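Visitor: after the sequence you'll find the predicted model.
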Amino acid sequence: MLADLAVAGALSRQAAYIVAVDANIDEPASFLGCLGIKTAGAAGVGEALRTRQARDLIAATYGVVPDAVPTGYLRALLRIEEAGADRPGLDAFANPESYRRLFGILSNERHSRRANALRYCGRLRSGHVHAAEHLAPALVYPEIVAIMGTAAQVDRANALLDLLRRTVSTVTEEEIARALRDSLKGGSILERFARKILERADRLPDPPLPASENLRPLRSAAEIAEFGRRMGNCAGTKVAEIVLGMLYLYEVEHVLEDGSVVPLALSLTPLTNGLWMVADVTMRRNRRPPAHVLRAVLERLQNLGAVVAGPTLKAAYRQDLARLLGAHRWAAIDECLRLDVDTEDELDAVEALAAEIGEAA
């Protein structure tokens, strides 16, 4: 039997795999009876594999009449390519259960999205059958199924869709489908799809610090995009990080003694103990604020519960000695609360502040 299988055509090989997996060849009487084979036992099974057509073997295995075996199923068998054989149709499914599952979908759900995805996803693997069964319905497209190789990838795709639905209150199934179709035109399909939906995010995580006077959390993708344009920074690219809880953005307005208002961008990053640390404070076009402005903002943020990294105020740390000894570690923002720190770029920062106020005027 094995010698016959080695020289058999692709469809005959696939039919033999199906018989081996799903037919009761230990007690093959029923299987052989469907095929009109009089020889009993293993010899009868061998005769069936040599003398009967693939459609008949599959029908006998699944207990249906030959006409009930969809042509699409036979075509699908010819696209199986699990282990990189010389041509499609020679490999068996890595997961033997995929044969029966594929048959069920193409027989009982012929006009479903699952069936359509499996017909047109290209080469066929067990992972694709699993994907068609377990992907959220909104994601069941041939192009999506085709890139799903493992159960972990399917779980990740479904989790992405759940995240988008939680984040965008207005999204509908039709809009998800439209965004996904647009994303199929090229590039990384799921990435393009997710970014398109996230442009409408309006249910971001709760801000770690509450809104207060001159401190405004940015609560939607639209607010973040507008703020990024106004400040000339890359805030608009940070929505995904915010949605995933990796970052939060605020608009800060610092009022100088003369009443001038300095707009600032504040970013916070989370710590494992539940607190949030100041990641950066910048003016327009990511310019660094002068030390006295930055110090005032950091002190206020500390009072609100934010963490500021840097050397403790009572430490023996000196910036000049650290630079001399090659032990400089902190950025200007981390050192700013120490009054003894000499900010080398302070002149540039003051000039930037003057330009900031001039622009606002």
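Guide: Nice, thanks for sending it over.

Visitor: CA atoms for contacts and neighbours, from now on please.
Guide: Noted.

Visitor: pull out the buried positions in stretch 58-73.
Guide: Of all the residues in stretch 58-73, those buried under the rule 16 or more other CA atoms under 10 Å are 58-62, 66, 69-70, 72-73.

Visitor: equivalent analysis for stretch 178-193, please.
Guide: Using 16+ other CA under 10 Å as the burial criterion, the residues of stretch 178-193 that qualify are 179-180, 183-184, 189-190, 192-193.

Visitor: now do stretch 290-309
Guide: Here stretch 290-309 shows 290-291, 293-295, 297-298, 301, 306-309 as buried, counting by 16+ other CA under 10 Å.

Visitor: show the secondary-structure elements that the longest helix along the chain is packed against.
Guide: Across the chain, the helix with the greatest residue count (assigned by DSSP state H) is helix 151-167. Contact partners of helix 151-167 among helices and strands, from 3 or more CA pairs under 8 Å, 6 or more residues apart in numbering; DSSP states H and E: helix 126-134, helix 189-198.

Visitor: show me what secondary structure element comes after the first one.
Guide: I take that to be helix 126-134. If you walk from helix 126-134 toward the C-terminus, the next helix or strand you reach (DSSP states H and E) is helix 142-146.

Visitor: and that next one, how far from the chain's centre?
Guide: Counting by CA atoms, centre = their mean, to the nearest Å, helix 142-146 is centred 15 Å from the centre of its parent chain.

Visitor: let me have the buried residues of stretch 178-193 in JSON lines, extended by distance to Val45 and pLDDT.
Guide: Supplementary listing: the buried residues of stretch 178-193 in JSON lines, determined by distance: CA to CA, whole Å; pLDDT from 0 to 100:
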{"residue": "Ala179", "distance to Val45": "51", "pLDDT": "83"}
{"residue": "Leu180", "distance to Val45": "47", "pLDDT": "81"}
{"residue": "Ser183", "distance to Val45": "49", "pLDDT": "80"}
{"residue": "Leu184", "distance to Val45": "46", "pLDDT": "74"}
{"residue": "Ile189", "distance to Val45": "46", "pLDDT": "85"}
{"residue": "Leu190", "distance to Val45": "46", "pLDDT": "86"}
{"residue": "Arg192", "distance to Val45": "51", "pLDDT": "85"}
{"residue": "Phe193", "distance to Val45": "50", "pLDDT": "87"}
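
Visitor: list just the nearest of those to Arg203.
Guide: Set against Arg203, the nearest of these by CA to CA is Phe193 (18.0 Å).

Visitor: so who does the closest one touch?
Guide: By CA atoms under 8 Å, 6 or more residues apart in numbering, Phe193 lies in contact with 179-180, 182-183.

Visitor: go with 10 Å
Guide: 161, 176-184 (CA atoms under 10 Å, 6 or more residues apart in numbering).

Visitor: what of Pro66?
Guide: For Pro66, the residues meeting the contact criterion (CA under 10 Å, 6+ apart) are 53-60.

Visitor: the closest residue to Arg203 other than its chain neighbours: neighbour count?
Guide: Ranked by CA to CA, 6 or more residues apart in numbering and with sequence neighbours excluded, the top spatial neighbour of Arg203 is Thr167, at 4.6 Å. Thr167 sits with 21 neighbouring residues when counted by other CA atoms under 10 Å.

Visitor: this protein: strands as residue ranges?
Guide: When secondary structure is read from DSSP state E, the chain shows strands at 215-217, 248-255, 261-270, 276-282.

Visitor: now do the first one: distance to the chain's middle.
Guide: Strand 215-217 has its average C-alpha position 29 Å from the chain's average C-alpha position, going by CA atoms, centre = their mean.

Visitor: please save the CA atoms from stretch 87-99 in CSV.
Guide: Taking C-alpha atoms only, stretch 87-99 is exported to CSV below (Å, rounded to 0.1, in the frame of the first residue of the first chain):
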residue,chain,number,x,y,z
ARG,A,87,4.4,20.8,-5.0
PRO,A,88,1.1,21.3,-3.3
GLY,A,89,-1.1,18.3,-2.5
LEU,A,90,1.7,15.9,-1.4
ASP,A,91,1.8,16.7,2.3
ALA,A,92,-0.8,15.5,4.8
PHE,A,93,-2.3,18.0,7.2
ALA,A,94,-0.2,18.5,10.3
ASN,A,95,-3.3,18.2,12.4
PRO,A,96,-5.2,15.2,11.1
GLU,A,97,-8.5,16.6,12.5
SER,A,98,-8.3,19.3,9.9
TYR,A,99,-9.5,17.0,7.1
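
Visitor: run the chain-centre distance for it.
Guide: 28 Å.

Visitor: now swap in stretch 284-291 and tell me
Guide: With CA atoms, centre = their mean as the basis, stretch 284-291 stands 34 Å off its chain's centre.
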